[in-house]
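**Q** Need coordinates for the following:
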Amino acid sequence: MIEIAPSILSADFSRLGEEIKTVERAGASLLHVDVMDGRFVPNITIGLPVVKAISHATRLPIDAHLMIVEPGRYAEQFVNAGAKMVSIHIEADPHAHRTLSAIRSAGALAGIAINPATRIEIDGGIDSDNIAEVTSAGAEIIVSGSAIFGAADPAVAVRELREATVLWV
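**A** Numbering: from 1, shown residues only. Next up, the predicted model:
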């Protein structure tokens, strides 16, 4: 099922409550809240007080997208403010696993966001049956062990992987 998540960053903040009710009635699945600190990204937006206020004004789950430096310091606080989903940028958190675990422990879904310039590497279980799927999703480096070295001819296996990728690009 596809979920529709209006981003309140594009809403009219002078009428935020009305705007939220409008998208609720229209069938939105959740509300997306972009939290920017002016350091990780150049813009500054909203923070914990607004997320808390929104959580009291809607029945929709709140998806907080933390575009901030040191998201681990604040992620649980966003859950406590009412976010049901919290995503952090892998580039901003050297301890992302710990932060994701803390988000889950606080009772929310945890996610990773990736800047477009980040290179994506997929490691494990990649073969000619699924390489097209992962490359079409944005993976740029494909690590494949047994599909190559477990083949009768590793050179043929590499060519087959490359050909399967080219078909989808």
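
**Q** ok, now which ones touch the spatially most central residue of the chain?
**A** Centroid-nearest residue in the chain, with C-alpha atoms, centre = their mean: Ala113, separated by 3.5 Å. Neighbouring residues of Ala113 by C-beta atoms under 8 Å, 6 or more residues apart in numbering: 65, 67, 87-90. Quick note: C-beta positions are derived from backbone N, CA and C, even for glycine.

**Q** Which ChimeraX command selects the buried ones in those?
**A** Typed into ChimeraX, the line below selects the buried ones among these, using 16 or more other C-beta atoms under 10 Å:
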select :65,67,87,88,89
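
**Q** Next up, phi/psi of Asp153, please.
**A** When read as degrees, to the nearest 10, the backbone of Asp153 gives phi -130, psi 100.

**Q** Tell me how many other residues crowd it.
**A** 10 (other C-beta atoms under 10 Å).

**Q** do Asp63 as well
**A** By other C-beta under 10 Å, the residues close to Asp63 number 22.

**Q** Repeat that for Ile131.
**A** Ile131, neighbours per other C-beta under 10 Å, totals 23.

**Q** Let the chain start at 17 from now.
**A** That works, and once the first residue is 17, the last one we named lands at Ile147.

**Q** my guess is it meets Glu176, correct?
**A** No - here Ile147 lies out of contact with Glu176, judged by C-beta atoms under 8 Å, at a distance of 9.1 Å.

**Q** Compute the distance between the most far-flung residue of the chain relative to its centre and Glu176, please.
**A** Taking C-alpha atoms, centre = their mean, the residue of the chain most remote from its mean C-alpha position is Ala168, at 38.8 Å. Separation of Ala168 from Glu176 (C-beta to C-beta, to the nearest Å): 12 Å.

**Q** Ok, Val51 next?
**A** Per C-beta to C-beta, Val51 is found 44 Å from Glu176.

**Q** So in this structure, which helix runs the longest?
**A** helix 170-182 (DSSP state H).

**Q** Export only the CA atoms of that helix, formatted as PDB.
**A** What follows is helix 170-182, C-alpha atoms only, in PDB (Å, rounded to 0.1, in the frame of the first residue of the first chain):
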ATOM      1  CA  PRO A 170      33.800 -16.200 -12.300                       C
ATOM      2  CA  ALA A 171      34.500 -14.100 -15.400                       C
ATOM      3  CA  VAL A 172      31.200 -15.200 -17.000                       C
ATOM      4  CA  ALA A 173      29.400 -14.500 -13.700                       C
ATOM      5  CA  VAL A 174      30.800 -10.900 -13.600                       C
ATOM      6  CA  ARG A 175      29.700 -10.300 -17.200                       C
ATOM      7  CA  GLU A 176      26.200 -11.700 -16.400                       C
ATOM      8  CA  LEU A 177      25.900  -9.400 -13.400                       C
ATOM      9  CA  ARG A 178      26.900  -6.400 -15.500                       C
ATOM     10  CA  GLU A 179      24.500  -7.300 -18.300                       C
ATOM     11  CA  ALA A 180      21.600  -7.800 -15.800                       C
ATOM     12  CA  THR A 181      22.400  -4.300 -14.500                       C
ATOM     13  CA  VAL A 182      22.600  -2.600 -17.900                       C
END
